[in-house]
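Engineer: Give me coordinates for this.
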Amino acid sequence: MSRRLRIYLAATFALSWGAWGGLALLAQAGTLAYGQWPFMALFILGGFGPTIGAYVAVLSSRAQAPLAEYHRRLLRWRLAPWWYLLVLGLPIGLAMSAVGIAALCAPGLPGALTLKPWDQFLALFPMMIVGGGLEELGWRGVAQPEMGRAIGPAKAALAVGLVWALWHLPLFFIPGVSQYGGNFPRFAAGVVGNALLLGWLYSRTESIFLCILFHAAGNAIVALGMAIPAAYGTLRLLAPGLSLALGAVLLLADSAGLRRSAAAGSPSTRSTR
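Structural biologist: Below is the predicted model of the structure:
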């Protein structure tokens, strides 16, 4: 494990788990409630753990790579237009596919959805950049490349996904937040599935910016209501299952392509323009 990765994980978990752990104790004791400013301040502070942790790690390991190199990856936006269609369309397509397959199994499901008007996606999307997307400064900006150098992008995506899921754990003990009392294994499967997709996206583009957009689009479509309701039990596994399957296929296909290129003695090419 590189020094940059150790610093990142230590700073991120210390900040997030410190804020959320304290909040869980206060909220369960009835001292704080969702909506009160001290509650929201601790909740938001914990959410910014990966973002702050990323800068702590990068600034503490500038001998490895300077801040300017990190910012080049963060602000890398000059990519082929189809990448933007992919990062915005894929999360929507996956959510709609999961709901559509579930509706075939349970015909009454569409009537149970509480969908907001589709034009609200445009309002939710920038909110979700702040409320989730900025985590990518750490998970894909630091953890994915650092682990990838040691174990390869596919295994790194899986490892990052497991750590990323664990990072969310305190939220399941905070009354008032959406994860409280939820099913952590199912949630973790979804996080790992997204990590595989984001790991593939980052390995293909080395753009933290695109990963931010993908993360925000995924959160926005769920906030819009395109998610299988809790009453439908095991059908809720469809969404994480689709993400896991597609992410695994993309990463494995990419790895196979790199191996073939290496065996042929030709440099690999990345279609990012």
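Engineer: Next, the buried residues of stretch 31-50.
Structural biologist: For stretch 31-50, burial by neighbour count (16 or more other Cβ atoms under 10 Å) applies to Leu32, Phe39, Leu42, Phe43, Leu45, Gly46, Gly47, Phe48, Gly49, Pro50. Every residue, glycine included, has its C-beta placed from N, CA and C.
Engineer: Distance-wise, check the first one relative to Ile174.
Structural biologist: Going back to what we said before, that points to Leu32. Remark: distance between Leu32 and Ile174 (Cβ to Cβ, to the nearest Å) = 10 Å.
Engineer: what do you get for the fourth one?
Structural biologist: In this structure, Phe43 and Ile174 are 7 Å apart, going by Cβ to Cβ.
Engineer: who touches both of those two?
Structural biologist: With contacts taken as Cβ atoms under 8 Å, 6 or more residues apart in numbering, the residues that reach both Phe43 and Ile174 are Trp20, Leu23.
Engineer: Output stretch 229-239 as PDB, nothing but the C-alphas.
Structural biologist: The C-alpha coordinates for stretch 229-239 follow below in PDB (Å, rounded to 0.1, in the frame of the first residue of the first chain):
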ATOM      1  CA  PRO A 229     -39.700   0.200  -3.700                       C
ATOM      2  CA  ALA A 230     -38.700  -1.500  -0.400                       C
ATOM      3  CA  ALA A 231     -41.900  -3.500  -0.400                       C
ATOM      4  CA  TYR A 232     -40.700  -5.600  -3.400                       C
ATOM      5  CA  GLY A 233     -38.000  -7.400  -1.300                       C
ATOM      6  CA  THR A 234     -35.600  -9.500  -3.400                       C
ATOM      7  CA  LEU A 235     -36.500  -7.600  -6.600                       C
ATOM      8  CA  ARG A 236     -34.400  -4.800  -5.200                       C
ATOM      9  CA  LEU A 237     -31.300  -6.900  -5.900                       C
ATOM     10  CA  LEU A 238     -31.900  -6.300  -9.600                       C
ATOM     11  CA  ALA A 239     -30.300  -2.800  -9.600                       C
END
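Engineer: re earlier: shared neighbours of Leu32 and Ile174, which are they?
Structural biologist: Common neighbours of Leu32 and Ile174, using Cβ under 8 Å, 6+ apart, are Leu23.
Engineer: Next up, identify which helix or strand the residue lying closest to Ile7 once chain neighbours are set aside is on.
Structural biologist: Leaving aside its sequence neighbours, Ile7 sits nearest to Ala57 (Cβ to Cβ, 6 or more residues apart in numbering; 4.2 Å). Assigned by DSSP states H and E, Ala57 belongs to helix 49-60.
Engineer: Break down the chain into its helices, ranges please.
Structural biologist: Using DSSP state H, the helices found in the chain span residues 3-28, 37-47, 49-60, 67-74, 81-105, 109-112, 121-130, 136-138, 144-151, 153-167, 184-205, 208-223, 238-264.
Engineer: got the contact list for the third one?
Structural biologist: Applying Cβ under 8 Å, 6+ apart, the external contacts of helix 49-60 come out as 3-5, 7-9, 11-13, 15-17, 19, 65, 67, 70, 134-139, 141-142, 167.
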